[in-house]
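> Okay, sequence plus prediction incoming.
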Amino acid sequence: MVNVEAVKRDFPILENRDVVYLDNAATTLTPEPVIASLMNYYRNLGASVHRGIYRLADETTEKFESSRNRVADFIGADSPREIIFTKNCTEGLNILAYSLHLWSEKKGKILVTEMDHHSNILPWRFMVDGSDRFQLDYVSVTEEGKLDLDDFGSKLTSDTVAVAFPAISNVVGAINPVKKMAKMAHEKDALVVVDGAQWLPHRPFDVSEFEVDFLTFSAHKMLGPTGLGVLYGKEELLRRMPPPFGGGEMVLEVTRREVKWQEPPQKFEPGTPPIAQILCFESALDYLDDLGVGEVKKHVDSLAGKALKELSKLPYVEIYGPTEGEPRGGLVSFNVEGVHPHDLASALDSLENVAIRAGLHCAQPLHEIMGLNSSARVSFYVYNDPEDVDRLIDGVRGAKKILGGENVG
């Protein structure tokens with residue numbers, strides 16, 4: 001299992017502040033090896049990549065492409081040419097939505113789900129608005145926040161162009177059957193786009209095993225830097241896709257009348273990339289591999305299970321999503337009777353130095369389906385331990401007593 005005491009020593013924030021950080025589904029903290037790698041670029045490299053004809057640029061480019069190779073290995077991609085660096089998961093999904101409507105010979109439905117993050121709804125909305133070739137449809141979600149697979153099967157037809165869905169819901173933690181859904185989609189000749197933002201931080205994901213066409217995820221949710229995401233795509237598909245942005249480095253030739261693009265991934269990475277962030281992301285993946293992603297999964301699942309169990313004992317707490325004994329990602333969303341989630345988050349911070357997320361979590365359609373205006377969310381990672389869950393529970397009891405009455409359980 002994860003040695004939390006040793007891990008915590010790698011995180012300067014936890015050394016410098018008394019905080020129980022339970023907002024990991026939004027952004028994780030950064031360990032010292034990743035910070036050191038980031039600073040190494042600015043202290044010892046500093047050059048741009050792919051362009052300079054001198055040793056410093058060559059060394060920087062070598063490390064840059066080494067990080068791309070590392071990402072490809074981490075997700076089981078066939079080639080580093082299938083790895084595109086983006087600003088975040090959101091940009092990857094926007095690239096796909098923009099490009100698909102230009103190169104797809106098929107026309108029909110784009111399927112998303114009612115549990116999707118806004119970043120996997122809005123790009124497709126932009127794509128279909130005003131289009132006479134594409135329509136957007138939503139796979140239903142039950143009142144408990146789980147994906148309705150029967151509805152998915154019924155809406156998945158021969159005119160479905162692509163299906164886009166989260167591997168794990170960022171609100172209720174429901175784990176979707178990615179492999180099964182991909183197989184069903186491919187039987188209808190539909191492309192499969194998976195939002196892996198909540199899966200990749202603490203679960204192994206092999207793109208060939210899950211048979212997805214595209215995968216997006218963000219570095220900042222898995223110990224890496226902000227401002228960096230990854231778009232994986234099968235190479236034969238990336239070769240067909242036009243780039244959504246224009247700029248330097250992405251072209252072989254530009255004349256006043258003609259443009260010839262670079263091969264993937266360069267044709268999707270115009271301009272100077274976030275070099276320092278890309279270089280240090282390799283250190284983040286090394287850190288996760290040293291811990292063992294399988295062990296990280298066990299650790300996170302254990303903490304989420306404990307939180308689920310302890311919160312369930314409080315009669316004034318309503319929990320959303322899979323119940324105890326059902327598969328769930330490393331987060332729990334809930335509400336406290338008589339206490340607004342924003343007030344709860346503020347009280348937890350004041351009473352126990354517990355940091356949680358409160359609001360709609362960029363998933364308003366799902367909240368509407370569940371009849372909620374907002375919710376509180378706790379999410380766990382490698383530096384959390386059972387005592388953090390205990391402080392959460394103490395804080396919830398204290399917040400209820402102060403803000404919602406004396407019935408604290």
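Looks like it came in fine.
> Kindly report the domain assignment for this protein.
Using automatic domain parsing, the domain parsing of the chain gives 4-30+292-403, 34-289.
> any idea how far residue 399 lies from residue 335?
Plainly put, residue 399 is 12 Å away from residue 335 if you go by CB to CB, to the nearest Å. The C-beta positions use only the backbone N, C-alpha and C, and glycine is treated the same way.
> possible to save the domains of the chain as JSON lines with mean pLDDT and mean neighbour count?
Shown next, in JSON lines, are the domains of the chain (pLDDT from 0 to 100; neighbours: other CB atoms under 10 Å):
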{"stretch": "domain 4-30+292-403", "mean pLDDT": "96", "mean neighbour count": "19"}
{"stretch": "domain 34-289", "mean pLDDT": "95", "mean neighbour count": "19"}
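> The stretch 301-409 of the chain: strands as residue ranges?
Using DSSP state E, counting those that start in this stretch, the strands of the stretch 301-409 of the chain run over residues 317-320, 331-336, 354-355, 357-359, 375-379.
> and residue 25, that one's in a helix?
No. With DSSP: H, G, I helix; E, B strand; the rest coil as the criterion, residue 25 is located in coil rather than a helix.
> Identify the residue nearest it in space, chain neighbours excluded?
residue 379 (3.6 Å; CB to CB, 6 or more residues apart in numbering).
> Now do the contacts for that neighbour.
Contact analysis of residue 379 by CB atoms under 8 Å, 6 or more residues apart in numbering lists 22, 23, 24, 25, 26, 330, 331, 332, 357.
> tell me which element the most centrally placed residue in the chain falls in.
Taking CA atoms, centre = their mean as the criterion, residue 197 is the residue nearest the geometric centre of the chain, at 1.2 Å. Following DSSP states H and E, one finds residue 197 outside all helices and strands.
> Spit out the contact partners of it.
89, 117, 166, 170, 216, 217, 218, 221.
> And what about the fourth one, helix, strand or coil?
Translated: residue 170. Residue 170 - assigned by three-state DSSP - is coil.
> From residue 287, how far out is it?
23 Å.
> same thing with the second one?
Distance check for residue 117 against residue 287: by CB to CB, it reads 25 Å.
> Among the contacts of residue 197, which ones are in strands?
166, 216, 217, 218 (DSSP state E).
> Go through these and name the one nearest residue 1.
residue 217 (24.5 Å; CB to CB).
> what's near enough to touch that closest one?
89, 195, 196, 197, 199, 200, 229, 230 are the contacts of residue 217 under CB under 8 Å, 6+ apart.
> let's see 6 Å
89, 196, 197, 200, 230 (CB atoms under 6 Å, 6 or more residues apart in numbering).
> Quick check: the two most widely separated of those?
Pairwise over the contacts of residue 217, using CB to CB, the maximum falls at 197 and 230, 10.3 Å.
> so who does residue 124 touch?
Residue 124 neighbours (CB under 6 Å, 6+ apart): 97, 110, 112, 136.
> let's see it at 8 Å
97, 110, 112, 136, 164.
> Assign a three-state SS to it, would you?
With three-state DSSP as the criterion, residue 124 reads helix.
> wait, what's in contact with the closest residue to residue 10 other than its chain neighbours?
Excluding the flanking residues, the one nearest residue 10 by CB to CB, 6+ apart is residue 31, at 4.2 Å. For residue 31, the contacting residues are 7, 10, 11, 223, 284, 287, by CB under 8 Å, 6+ apart.
> doesn't residue 290 make contact with the first one?
What that stands for is residue 7. No. Counting by CB atoms under 8 Å, residue 7 stays clear of residue 290, with 10.2 Å between them.
> Can I take it that residue 69 is in a helix?
Yes. Checked against three-state DSSP, residue 69 lies within a helix.
> between the strands of the stretch 301-409 of the chain, which gets nearest to residue 63?
So among the strands of the stretch 301-409 of the chain, strand 375-379 is nearest, using CB to CB, at 31.5 Å.
> and the closest one with strand 331-336, angle?
150 degrees (axes from the mean of the first three to the mean of the last three CA atoms, to 10 degrees).
> Contact partners for residue 233?
82, 84, 96, 213, 214, 241, 264.
> Apply 6 Å and report the result again.
82, 214 are the contacts of residue 233 under CB under 6 Å, 6+ apart.
> related to what we said a few turns ago, between the strands of the stretch 301-409 of the chain, which gets nearest to residue 43?
strand 354-355 (30.9 Å).
> Can you list the neighbours in contact with the closest one?
19, 20, 21, 23, 348, 391, 392, 395.
> can you pull the contacts of the last one?
I take that to be residue 395. Contacts of residue 395 (CB under 6 Å, 6+ apart): 348, 351, 352, 354.
> I'd like to know the beta-bridge partner residues of residue 359.
residue 375 (DSSP bridges).
> Next, find the distance separating it from residue 376.
Residue 359 is 9 Å from residue 376, by CB to CB.
> what's the answer for residue 152, then?
29 Å.
> go on, residue 124?
From residue 124 to residue 376 the distance is 29 Å (CB to CB).
> and after the helix or strand residue 185 falls within, which helix or strand comes next?
If you go by DSSP H and E, residue 185 is part of helix 178-187. With elements assigned by DSSP H and E, the helix or strand that comes after helix 178-187 is strand 191-195.
> okay, that next one in CSV with CA atoms only?
The C-alpha coordinates for strand 191-195 follow below in CSV (Å, rounded to 0.1, in the frame of the first residue of the first chain):
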residue,chain,number,x,y,z
LEU,A,191,-15.8,6.9,-33.1
VAL,A,192,-15.1,6.6,-29.3
VAL,A,193,-13.9,9.7,-27.4
VAL,A,194,-13.2,9.2,-23.7
ASP,A,195,-12.7,11.9,-21.1
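> And the contacts of the next helix or strand after that strand?
The C-terminal neighbour of strand 191-195 among helices and strands, as given by DSSP H and E, is helix 207-210. When contacts are defined by CB under 6 Å, 6+ apart, helix 207-210 is touched by residues 75, 76, 77, 178, 179, 215, 232.
> need the contact list for the last one.
Listed by CB under 6 Å, 6+ apart, the contact set of residue 232 reads 77, 82, 207, 215.
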